[in-house]
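Chemist: I would like the atomic coordinates for the input below:
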Amino acid sequence: MADVSGAEPNREDFFRPQNWREAIADPSKLPDALRRHFEQENADAERALAPVADLAAEIFADLVQWDAARRTVDHATTTNWIWRRVTGGGADFPSFEQVPVAGGAAETVLDVGALATEFDCPSVHSAMPSPDERFLAHTVDERGNERFVVRVKDLETGRCRRIGDDVSTGAVVWSAGSTHLFHVARDSHGRAATLVAAPIDGSEPLVLLSAPDPTRRIEIRRSADASHLIAHLGDYGSAEVFIVDLAGAPFRPRPLLPARAEVLWDVEISGGEVFVRHDAVEPNGFTISRFALGAPFDPNATLVAPSPGAVLIAMAVRARHLLWVEVARMRQRLGILDRSRGTRSLFDLPSPYTTVTLHENGRHDTDRFALELSSLARPRRGFVLDAGRGELAPIDPEPNPPPPYVTETIDVVAPDGASIPVSLVWHPERLAAGPAPCLLAGYGAYGRAQWPDFDGTRRALLERGIVFAIAHVRGGSETGREWYRRGKGLHKEATFTDYLAVADHLIASGRTAPDRLVGFGRSAGGILMGVMVNRHSDRFCAILAEVPFVDVARTMSDTGLALTPPEWAEWGDPRTDAEARRVIEGYSPVDNPPEGEPTAVLCMCGLSDPRVTFWEPARWIAGLRERRRGDAPILLMSTPRGGHLGAVPRSERLREIATSHAFVIGRATGVI
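Modeler: Here you go, the predicted structure:
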């Protein structure tokens, strides 16, 4: 394995070079010794995984075959055109196409792969047509480093040019007159700090709103009726909301809602009315309120409340209807309100679908809502809900034959008596007798729910007899806001005890066994995986950790990192809060190495990842190796052509997935 013996004991100077900002933006700028270290780690991992190399190649071939071209459901719609994003189909990079509303052939308007002549390994965050259909705004970064430049393509001449010198967060909104582009510029630390209106004629941009301190960041989007820009200024705990009239200069931001501790505002504007999905009244869930633009907001004036026992998780607004999504026991359903009549309807999802994905497609004066339905066992399928007729109808054909997978939702009792939902899926004809090999996923942070959605790459596991399970642990919001609050900050231990309770239940019930169970987490789910390695390696034959956040104490004390100040609301500030420091230092994986023998680990990271920086997984893996006395592989694999979402070229990302799947199967079946 790679030698780091020449580094100081905590390896901070070696793994985090002085030019780390430059190195994240462009990994070719890594110091030679550190670059060689990552290259050696990759070579060592390939040797350790040699027994499953043929399996990885077989899985990769399957993934390529299954990766059919996919067009989004109306990425955007203007007067004459429907705009779509196209991915897969053997292409390494996506493209964007326009289709006449009246019908006709699709035309490619932006080929991201062709941008490789200007950008090293480009990815596009947003591609938005101007209201006059003359221009296509798009934001491009390199290698997934999330340092986006804003560009405009003239669709008449085919010429592209950069708008301004700022590095952007990626989201863009057009002014109504197609004269200005709104985006959020990053500061020198990479924080989402300034809302600007950039004229597309190249003149000086207008600064509209600035974050007053590093704990707050700005996020933007366009309202449903395209009348306003909606800006959130805040952190993970709360945010104030501003609006900007898109009709024309001077584009002055106006306060709409004040920040309120531990309250989230989800805002839409339509036809002079403001709709707010919020948890100011119901602490465990959300309600929807409505008020006239310019009038005072009363959160107690409830327009929509979820059904008893359900949680309201999303909404979308059209000119005549309001749609919402609610969930109970991991099954979602749709609700519709006729805005003028006040009548309501509820729609259960057709079996076997459990999960809804809404699409904001730019159409406002319509009764039709575009959405996709899926489950752990069924791929996403396009549907249209016609709110005027009260009909939910598919627009994509049913898979033929339908996938053979079986799903189940169970509840596991936590040590404190809480009920933890668990979603499972498997192929009934591929399971061997006795405890099955199982991949158990967990996350539990930021209130982000892990809904039972379909992932086409997961088929490679199901077809080879692996059971896939999701432990919906506290820190997420699958059962409501309290589920989130009881797994964040000073209550973070509940995330870990929930996940362990699920693992123990799956073992005790005979569904799997310690020598067949693999844990999986990515990003903030890496904390969970690190805790399992450190405290409970005996329950798992392996841990798969992708871009794992594992150096919590040090990262949350480092104000030079872009994400640190805004995330104190999630984890606590160990610099100023002694109790937060005690809790974080008690679980931070890098600071709590295992006392016993660690289980096998495959850790995967991106060298251009600005969220979980490359030195975190490098330090974690080096520390685990110091504790290892046996021969279980502890592996680190990195890509210089990817960031937080993995390798940017699609084929390279599929190879990463094939490698990780082969590792899971190899460990769960005793091959490696």
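Chemist: Scan the helices and strands of the protein for the one with the lowest mean pLDDT.
Modeler: strand 70-71 (a mean of 76; mean pLDDT, DSSP states H and E).
Chemist: model confidence over stretch 370-383, on average?
Modeler: Across stretch 370-383, pLDDT averages out at 94.
Chemist: To what extent is the residue nearest to N42 when sequence neighbours are not counted buried, counted in neighbours?
Modeler: Of all residues not flanking N42 in the chain, M637 sits nearest, at 5.6 Å (CB to CB, 6 or more residues apart in numbering). No exception for glycine: its C-beta is placed from N, CA and C like everyone else's. M637 has 21 neighbours, counted by other CB atoms under 10 Å.
Chemist: what's the least confident helix or strand of the chain packed up against?
Modeler: Contacting strand 70-71 under the criterion 3 or more CB pairs under 8 Å, 6 or more residues apart in numbering; DSSP states H and E are the following elements: strand 81-87.
Chemist: roughly how far is whatever helix or strand comes next after the strand it packs on from the heart of the chain?
Modeler: Going down the chain from strand 81-87, the next helix or strand is strand 95-100, by DSSP states H and E. Put simply, strand 95-100 sits 25 Å off its chain's centre (CA atoms, centre = their mean, to the nearest Å).
Chemist: Can you check what angle separates strand 95-100 from strand 81-87?
Modeler: 150 degrees (axes from the mean of the first three to the mean of the last three CA atoms, to 10 degrees).
Chemist: So which bits of the helix or strand just after strand 95-100 are buried?
Modeler: Next along the chain after strand 95-100, taking DSSP H and E as the criterion, comes strand 107-111. Residues V109, L110 are the ones in strand 107-111 that count as buried (16 or more other CB atoms under 10 Å).
Chemist: Strand partners (parallel or antiparallel) of strand 107-111?
Modeler: If you go by DSSP bridges, strand 107-111 pairs up with strand 95-100 (antiparallel).
Chemist: Which elements pack onto the helix or strand that the least confident helix or strand of the chain is followed by?
Modeler: Sequence order places strand 76-77 as the next helix or strand after strand 70-71, per DSSP H and E. Under the contact criterion of 3+ CB pairs under 8 Å, 6+ apart, strand 76-77 touches strand 81-87.
Chemist: Name every strand pairing with the strand it packs on and say which way it goes.
Modeler: strand 70-71 (antiparallel), strand 76-77 (antiparallel), strand 95-100 (antiparallel).
Chemist: Go through the longest one and flag the buried ones.
Modeler: Within strand 95-100, the residues that qualify as buried by neighbour count (16+ other CB under 10 Å) are S95, F96, E97, Q98, V99.
Chemist: beta partners of the last one?
Modeler: Listed by DSSP bridges, the beta-bridge partners for V99 are I82.
Chemist: Next, give phi and psi for the residue lying closest to G642 once chain neighbours are set aside.
Modeler: With sequence-adjacent residues excluded and distances taken as CB to CB, 6+ apart, G642 is closest to G606, at 4.0 Å. Main-chain dihedrals, G606, degrees, to the nearest 10: phi -110, psi 130.
Chemist: Just grab the bridge partners of G606 for me.
Modeler: Bridge pairing for G606 - DSSP bridges - gives T639.
Chemist: what number of residues lie near it?
Modeler: Count around G606 with other CB under 10 Å applied: 30.
Chemist: pLDDT wise, what is it at?
Modeler: pLDDT recorded at G606 is 98.
Chemist: again, but for D74
Modeler: With respect to pLDDT, D74 has a value of 63.
Chemist: G89 now?
Modeler: pLDDT at G89 comes out at 88.
Chemist: so what's it closest to, chain neighbours aside?
Modeler: A69 (3.1 Å).
Chemist: residues in contact with that neighbour?
Modeler: Contacts of A69 were listed using CB atoms under 8 Å, 6 or more residues apart in numbering, and they are V86, T87, G88, G89, A91.
Chemist: Just the buried ones out of these, please.
Modeler: For the contacts of A69, a neighbour count by 16+ other CB under 10 Å gives the buried set as V86, T87, G88, A91.
Chemist: I figured the last one hits P649, correct?
Modeler: Going back to what we said before, that points to A91. No: between A91 and P649 there is no contact under CB atoms under 8 Å: 9.5 Å.
Chemist: What separation do you get for R650 and V124?
Modeler: Distance check for R650 against V124: by CB to CB, to the nearest Å, it reads 13 Å.
Chemist: still on that earlier bit, pick out whichever of the contacts of A69 sits closest to L439.
Modeler: Nearest to L439 among the contacts of A69, counting by CB to CB, is G88 at 23.2 Å.
Chemist: just checking, the closest one touches S651?
Modeler: No: the pair G88 and S651 does not pass the contact test of CB under 8 Å, sitting 10.8 Å apart.
Chemist: one step back: who touches the least confident helix or strand of the chain?
Modeler: R84, R85, V86, T87, G88, G89, E97.
Chemist: ok, now how distant is the closest residue to the fourth one other than its chain neighbours from A68?
Modeler: In space, T87 comes closest to P94 once its chain neighbours are excluded; the distance is 4.6 Å by CB to CB, 6+ apart. From P94 over to A68 the distance is 14 Å, taken as CB to CB.
Chemist: before we move on, the earlier item: and the residue nearest to T87, what does it touch?
Modeler: R85, V86, T87, V112, V124.
Chemist: Next, format those as TSV and append distance to G442.
Modeler: Supplementary listing: the contacts of P94 in TSV, determined by distance: CB to CB, whole Å:
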residue	distance to G442
R85	30
V86	33
T87	27
V112	33
V124	31
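Chemist: Out of the residues you listed, which comes closest to R378?
Modeler: T87 (19.5 Å).
Chemist: how close does the closest one sit to R252?
Modeler: 38 Å.
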